[in-house]
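Visitor: sequence below, structure please.
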Amino acid sequence: MKNRSRTKTKHFITWLAVMLAFVVHPASAQYLWNSDSAFKANSPNSGRLWGYMFGDYYYKSHADALGRGGSNQYSGIPQNRNAFQIRRIYLGYDYNISKRFAAELLLASEDNFPGFNPPSSPATGGDQLLNNKLSFYIKLANIRWKKIWKGTDFVFGQVATPVFPLLSEKIWNYRSVEKTISDIRRTPAYDLGVSLQGVLDPATKNYGYDIMVGNGTGARPAATGFKWIYGDVYAYFFDKKFVVDLYADYFRTNRSTHHKQDRSRRMLKGNIAYNSAATGKGGMNPGRGYTVGAEFFVNTLKNDLFATKIAGGVDTINNSATCISLYVHGDIIKYKLRFFARFDSYNPMNKINNDIYKEYAGNTANYNDNSYLLTYNNNGTPVSALATGDQTYRQTFITAGLDWTPDKSVHIMPNIWYVHYASQLKSAGAPASGDHDTVYRITFFYVFGK
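Guide: Numbering: from 1, shown residues only. Next comes the predicted model:
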């Protein structure tokens, strides 16, 4: 028995020695044990695993009578419903191949929207499977060629787009509470394509840009040969305390021999913000001090609006959707307690003419809120718009709350989430002309690995 025990001990010591030798000597295995400081220093064969999660306990105290707001996270959820929910899980791995090349992989799992729709619904987006369980999908997968020329990186693969993830979402700082205004309308946050990300002044990094060409389909395969073109430029002032950001995109959705059927979308967006904690070297720090900002967009949707005439017939006209967002957040007790508040005003249609038209139906998802059922003739032209709701309604969004951080990477945030809906049609009556969704929440948010 003693000899057998000694043999087992020798085998264990031998196995342990082999494993240590494998870890210490081959360069291919060393990255597993590199510190985060090595990764941040761009050391070759260094990587880091990171992630975050946010979710809530919510209580919906009031529901809009018509279930409007198809792009909102609480549309369709009945009044007095309460539940625990997870709204996002991220699991990412960043890896330095060498000083010049880095790889990024991000898995994401996010709740369905609208939240009350089952996975089998054709109008549902999100990552809930048919068995009602959440599933991960590949959100980012790209390689970065650093300093392809001075101050500029070239990125290929599934990459974050310039529209909001790289700047305006970070300054708003509370994605765990609500999306930015362009994110609510599902402008792609990520896309498969190529991107140039750089600064015009590498020494100070006060002036930067991000241009990209992608499929326009996010994580899904390309459905057409048309490409989404993105562009963003920004400038910092006053020791990086103040930023001005301008964004534009263009996406042609179809081409036809009939001019009236040619369709495209074009967004112009601006963002300005001030952060009191910013420094010239370190840049903005929206989680410290106080931040005041405004974001706004105009999205021109060519030949996208089907307007039913009072006298009969349907016109196809251009549409413009507009939104402005005002926000503020700041310290109450430094490093422990903060506040945040935001106000959005959104108009999905600025072409309303109640003297000529009685109904409107948008043809672009995320701007029409699925409120109309259209019928078409054989060549695809709409012949009628059967109203199941009202797509013209303006939306006013308000949120406010507190951010308690028992640890720098853990946040507990009681908050209120409110959206008011108001029709622009003369024929709409109460409660269709004015009603709201009100939700009270405690939001939980934690980060690891960053």
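Visitor: the strand or helix carrying Gly401: how far from the chain's middle?
Guide: Using DSSP states H and E, Gly401 maps to strand 394-407. Here the centre of strand 394-407 is set off from its chain's centre by 17 Å, with C-alpha atoms, centre = their mean, to the nearest Å.
Visitor: that strand: partners in the sheet, and parallel or antiparallel?
Guide: strand 337-347 (antiparallel), strand 410-422 (antiparallel) (DSSP bridges).
Visitor: can I assume Pro414 is in contact with Gly401?
Guide: Yes - judged on C-beta atoms under 8 Å, Pro414 makes contact with Gly401 at a distance of 5.6 Å. Backbone N, C-alpha and C define where each C-beta goes, glycine included.
Visitor: helix, strand, or coil at Met183?
Guide: Quick fix: residue 183 is Asp, not Met. Judged by DSSP: H, G, I helix; E, B strand; the rest coil, the three-state class of Asp183 is helix.
Visitor: what sits against it?
Guide: Contact partners of Asp183, counting by C-beta atoms under 8 Å, 6 or more residues apart in numbering, are Val163, Phe164, Glu169, Ala189.
Visitor: how does it look with 10 Å?
Guide: Ser71, Val163, Phe164, Pro165, Ser168, Glu169, Trp172, Arg175, Ala189 (C-beta atoms under 10 Å, 6 or more residues apart in numbering).
Visitor: quick one, which of these are buried?
Guide: Buried subset of the contacts of Asp183 (neighbour count, 16 or more other C-beta atoms under 10 Å): Ser71, Val163, Phe164, Pro165, Ser168, Glu169, Trp172, Arg175, Ala189.
Visitor: can you redo those as a markdown table with distance to Asp36 and secondary structure?
Guide: Formatted as a markdown table, the buried ones among the contacts of Asp183 follow (distance: C-beta to C-beta, whole Å; DSSP: H, G, I helix; E, B strand; the rest coil):
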| residue | distance to Asp36 | secondary structure |
| --- | --- | --- |
| Ser71 | 37 | coil |
| Val163 | 29 | coil |
| Phe164 | 27 | coil |
| Pro165 | 22 | coil |
| Ser168 | 27 | helix |
| Glu169 | 23 | helix |
| Trp172 | 26 | helix |
| Arg175 | 23 | coil |
| Ala189 | 26 | coil |
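Visitor: which among the residues you listed gets closest to His420?
Guide: When the buried ones among the contacts of Asp183 are compared for distance to His420 (C-beta to C-beta), Ser71 wins out at 15.1 Å.
Visitor: that closest one contacts Arg185, correct?
Guide: Yes - counting by C-beta atoms under 10 Å, Ser71 touches Arg185, with 6.4 Å between them.
Visitor: hey, what's in contact with both of the two?
Guide: Lys179, Tyr346, Pro348, Ala365, Asn366, Tyr367.
Visitor: one step back: pick the one among the contacts of Asp183 closest to Tyr236.
Guide: Lowest distance from Tyr236 to the contacts of Asp183 (C-beta to C-beta) belongs to Ser168, with 13.8 Å.
Visitor: tell me the contacts of the residue lying closest to the closest one once chain neighbours are set aside?
Guide: Take Ser168 and drop its neighbours on the chain: the residue closest to it by C-beta to C-beta, 6 or more residues apart in numbering is Asn271, 4.5 Å away. Asn271 makes contacts with 164, 167-169, 171-172, 180-182, 232, 234, 243-247, 293-297, 325, as judged by C-beta under 10 Å, 6+ apart.
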